[in-house]
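Participant: what's the 3D shape of this:
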Amino acid sequence: MPVTHPREIPPAAPPVLAADPPALVVEGLRYRYPDGRVALEGVSLTVRRGEKVALVGPNGAGKSTLMLHLNGILRGEGDIWIAGLPVVAANLPVVRSQVGLVFQNPDDQLFSPTVYEDVAFGPLHMGLPEDEVRRRSAAALDQVGMADFGDRLSHHLSLGEKKRIAIATVLSMAPELLVLDEPSAGLDPRARRRLIHLLRELPQTLLVATHDMPMVRELFARMIVVDEGRVVADGPTAALFEDVGWLEAHGLERP
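Facilitator: Residues are numbered from 1 along each chain as shown. Now for the predicted structure:
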C-alpha cells in the first residue's frame with residue numbers, strides 16, 4: 001500500500017455493493033463542535049475486513065471525534081458505511097451492534113454489579129434468547145482470557161483486567177469492527193503485553209487509536225496519521241517510521 005502525504009491523498013473508495021464490502025468506508029467527513037471549533041475536515045479512509053489498522057496523531061488531532069462518528073454518537077457532514085451499511089438514523093441499532101467501541105477508560109463501560117452482567121448487557125438488549133446470551137458472554141470472556149471472572153465484581157478488578165472485560169462487552173455482540181481508544185494507556189508492562197497478545201489474536205477488524213508507537217510498530221502493518229482534523233498519511237507502518245522529521249512535524253516519535 002503506497003504512503004500518501006498531504007495533497008496526495010486519494011479519495012476513499014465508494015461503497016462496495018458486492019457480497020464482501022469493506023468493514024469501514026469514510027468519505028469526506030467533516031465535523032464542527034458547537035463552540036465553532038473544527039474537529040474533522042474532509043476525512044476519508046477505507047479499512048478492509050480483517051485489517052488491523054493504527055490511528056495515530058497528536059492530542060486534539062480528531063481521532064476520538066472520528067471514532068465517535070463510526071456508530072452514530074456524533075453526526076457530522078459526509079458519509080460512513082459499516083460493512084456496506086450506511087450510518088444513518090434508521091440503521092443505528094444495527095450499526096451499533098456491528099461497531100464495538102471500547103473507550104480509553106473502562107469504567108465508562110463497566111457499570112453492572114458483576115463481570116457477567118456487564119458482558120451480557122449488549123446481547124440482552126439485542127433481544128437474544130437467554131441461552132444465546134449465555135453462550136455469547138461465555139465465549140467473549142474466554143476470548144479475552146477471563147473465563148473464570150463472570151462472578152467477580154467489576155470495580156474490584158485491576159485496570160488491565162477491566163480493559164479486557166470492556167473488550168469482552170463488545171465482543172459478545174459479535175461486531176464487524178472493533179474500535180479501541182488508547183487501549184494500552186495506564187497499563188503496567190505485564191498487562192500491556194497481555195493486551196498486545198489479545199489484540200494480535202482477535203479475528204475482528206481493528207481500528208485502534210493510540211500514542212503507543214512501540215505497540216504500533218509491533219502489531220499494525222498499516223498506520224493512518226491524523227493531524228488538525230485531516231488524514232495526512234495512510235500507508236505501511238514501516239515506511240512511515242522511516243521519515244523521523246516528518247513524524248516529529250506531526251507530533252509523533254519513531255519507537
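
Participant: If you drop the residues flanking it in sequence, what lies closest to Ala185?
Facilitator: Gln104 (5.7 Å; C-beta to C-beta, 6 or more residues apart in numbering). C-beta here means a position set from N, CA and C on the backbone, and glycine is covered the same way.

Participant: Okay, now the unreliable bits of this protein?
Facilitator: 1-19 (pLDDT under 70).

Participant: Tell me which stretches of the stretch 1-150 of the chain form helices.
Facilitator: In the stretch 1-150 of the chain, the helices defined using DSSP state H, counting those that start in this stretch lie at 63-69, 92-98, 115-125, 130-143.

Participant: Same list (those helices) but as CSV, adding distance to Ala166 and mean neighbour count.
Facilitator: Shown next, in CSV, are the helices of the stretch 1-150 of the chain (distance: least, C-beta to C-beta, whole Å; neighbours: other C-beta atoms under 10 Å):
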stretch, distance to Ala166, mean neighbour count
helix 63-69, 14, 22
helix 92-98, 16, 18
helix 115-125, 8, 22
helix 130-143, 11, 17
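
Participant: Dump the ones you listed to JSON lines, plus distance to Ala185.
Facilitator: As requested, these are exported to JSON lines (distance: least, C-beta to C-beta, whole Å):
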{"stretch": "helix 63-69", "distance to Ala185": "12"}
{"stretch": "helix 92-98", "distance to Ala185": "24"}
{"stretch": "helix 115-125", "distance to Ala185": "20"}
{"stretch": "helix 130-143", "distance to Ala185": "22"}
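
Participant: Run a quick neighbour tally on Leu40.
Facilitator: 26 (other C-beta atoms under 10 Å).

Participant: Leaving out sequence neighbours, find the closest residue to it.
Facilitator: Leu40 sits nearest to Tyr31 (C-beta to C-beta, 6+ apart), 4.3 Å away.

Participant: Pretty sure the one you found sits against Leu74.
Facilitator: Yes. Between Tyr31 and Leu74 there is a contact under C-beta atoms under 8 Å: 6.3 Å.
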